[in-house]
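Build me a structure from this.
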Amino acid sequence: MKDNERIEILSQRLVTWAKWFVKQQVACGDICVDATVGNGFDTLFLAECVGPEGKVYGFDIQQSALDKTKKLLSEAGLLDRVYLFHDSHSNLGTYLSHSTVKVVMFNLGYLPGGDHSLITKPETTIQALKAALPLLTTDGIITVVSYRGHRGAMEEYNAVNVFLSEINSKKYRVFCIDILNQDNLPPVLFVVHRYR
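This is a model prediction of the structure:
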């Protein structure tokens, strides 16, 4: 990595860091999941990464999020490689086979520009993480950007932190990037790497 690339990544938001980790793992033809579609930017990013032979599965409980994402993908000419589901991320395991997914991305919280009272919940997020772990291929990863500033966010962050701290260390490595010197509870990035 060149010095200017390193400086650029260090100055970016944690979502950019999540994408950097994903780019290190994904190859053309891979299968990826956007567990929380939102406005579709991660879905679009994954669709670009997997190439024409790959597939992306996206989940959201809000139809408006799926509609925005479909429009974004159509404009980019990438809709043909993406499957969008109006369903909770907790059900993602019912749509995919074990050990076939290279990346699962989570961006927790509420839909930016949407109803802030509709948020991801600890119970369904933990269910989704439990479903995602066996889906990963060897060398696959899960990224979780966990926000802590809105109502209910700390409970979800704590649940994710505890759950990921206790998963099988002989099969998965869990990394955490936390900004320690900022006020207002900045988000945290978790990265789970399946190495066996």
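
Excluding sequence neighbours, find me the nearest residue to residue 156.
Leaving aside its chain neighbours, residue 156 sits nearest to residue 122 (4.6 Å; criterion: Cβ to Cβ, 6 or more residues apart in numbering). Where you see a C-beta, it was placed from the backbone N, CA and C, and this is true even at glycine.

For that neighbour, give its distance to residue 153.
From residue 122 across to residue 153, the span is 10 Å (Cβ to Cβ, to the nearest Å).

Let me see the ranges of the helices in the chain.
Taking DSSP state H as the criterion, the chain carries its helices at 3-11, 14-25, 41-50, 63-76, 122-132, 153-165.

Determine which stretch of the ones you listed is the most buried.
Ranked by mean neighbour count, the helices of the chain are led by helix 41-50 with a mean of 23 (mean count of other Cβ atoms under 10 Å).

Mind listing residues that contact that one?
Defining contact as Cβ atoms under 8 Å, 6 or more residues apart in numbering, one finds that helix 41-50 is touched by 15, 18-19, 22-23, 26, 28-34, 36-37, 54, 56, 58, 69, 72-73, 76, 78, 81-82, 84, 103, 105, 107.

quick one, what contacts the residue nearest the centre of the chain?
By Cα atoms, centre = their mean, the chain has its centre lying nearest to residue 105, at 1.5 Å. With contact taken as Cβ under 8 Å, 6+ apart, residue 105 is in contact with 18, 22, 32-36, 42, 46, 142-143.

rewinding a little: among the helices of the chain, which comes closest to residue 180?
Comparing those by their distance to residue 180 (Cβ to Cβ), the top pick is helix 14-25, with 13.1 Å.

For the closest one, name the packing helices and strands.
Contacts defined by 3 or more Cβ pairs under 8 Å, 6 or more residues apart in numbering; DSSP states H and E place helix 14-25 against helix 3-11, helix 41-50, strand 101-107, strand 136-146, strand 188-194.

Any chance of TSV for these, columns mean pLDDT and distance to residue 93?
Compiled in TSV, those are given as follows (pLDDT from 0 to 100; distance: least, Cβ to Cβ, whole Å):
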stretch	mean pLDDT	distance to residue 93
helix 3-11	48	32
helix 41-50	98	18
strand 101-107	98	10
strand 136-146	97	12
strand 188-194	97	15
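
re the thing from before, closest to residue 182 out of the helices of the chain?
helix 14-25 (11.3 Å).

For that closest one, C-alpha coordinates in PDB please.
What follows is helix 14-25, C-alpha atoms only, in PDB (Å, rounded to 0.1, in the frame of the first residue of the first chain):
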ATOM      1  CA  LEU A  14     -15.400   3.300   9.500                       C
ATOM      2  CA  VAL A  15     -17.700   2.400   6.600                       C
ATOM      3  CA  THR A  16     -14.800   3.000   4.300                       C
ATOM      4  CA  TRP A  17     -12.600   0.800   6.500                       C
ATOM      5  CA  ALA A  18     -15.200  -1.900   6.200                       C
ATOM      6  CA  LYS A  19     -15.100  -1.700   2.400                       C
ATOM      7  CA  TRP A  20     -11.300  -1.800   2.500                       C
ATOM      8  CA  PHE A  21     -11.400  -5.100   4.400                       C
ATOM      9  CA  VAL A  22     -14.000  -6.500   2.000                       C
ATOM     10  CA  LYS A  23     -11.900  -5.500  -1.100                       C
ATOM     11  CA  GLN A  24      -9.000  -7.600   0.300                       C
ATOM     12  CA  GLN A  25     -11.200 -10.700   0.300                       C
END
